[in-house]
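Chemist: sharing a model prediction with you, sequence too.
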Amino acid sequence: MTPKHDNVALIGMPAVGKSTVGVLLAKRLGLGFVDTDIVIQGRERQTLQQIIRGRGGEGFRAVERDHILGLELHHHVIATGGSVIYSQQAMAHLAAMATIVFLELSLKELTRRLDNLDARGVLMAPGQSLAALFAERDPLYRQYAHETVRCDGLSADQVKEVLVTRLIPIYPP
């Protein structure tokens, strides 16, 4: 893994465990933790779903992009929203300050984990299936990732340990 400054950014589909793994990884490596979905909700004073309903998909993407571009972090693990990969600007900003790790999960496992996409604030086209969303996003995650970790069959703690093993040369304890 090639170091990209002093942050780690986690990307992947909703429910893959970016926030959970991110907190565990930050604790283990002695880094701070930021969840960009929480940052967006706090600054906008709305849930993700309210932003999507009020501004539409493109409006939400613009809000997400702007908040990502506003991040100036050092020594953090950053858990991103699943749709961050739609913005080349946001991904370039993350790549300039972080090692980007794609937490990969199979469609079968995602289907098991995701029961209410609407309540979760997942950005999807009207009538779009989870399978179609997965097919649309997967190549983008792969395009932007410096590293990929397959998460099927692993607990959040096990995913954290895989990441620690790969990141220790960059972020020594």
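Modeler: Sure thing, it's come through.
Chemist: right, and the helix or strand after the helix or strand bottoming out on mean pLDDT in the chain?
Modeler: Lowest mean confidence among the helices and strands of the chain (mean pLDDT, DSSP states H and E): helix 117-120, at a mean of 63. Next along the chain after helix 117-120, taking DSSP states H and E as the criterion, comes helix 130-144.
Chemist: list of residues touching that following helix?
Modeler: 11-13, 82-83, 85-86, 91, 94-95, 100, 102, 104, 107, 110-111, 114, 117, 122, 124, 148 (C-beta atoms under 8 Å, 6 or more residues apart in numbering). No exception for glycine: its C-beta is placed from N, CA and C like everyone else's.
Chemist: so where's this protein shaky on pLDDT?
Modeler: For the chain, the stretches flagged by pLDDT under 70 are 1-4, 116-121, 168-173.
Chemist: next secondary structure element downstream of the longest strand seen in it?
Modeler: Using DSSP state E, we find that the single longest strand of the chain is strand 98-104. For strand 98-104, the following helix or strand on the C-terminal side (DSSP H and E) is helix 107-113.
Chemist: which of the residues in that next one are buried?
Modeler: 109-110 (16 or more other C-beta atoms under 10 Å).
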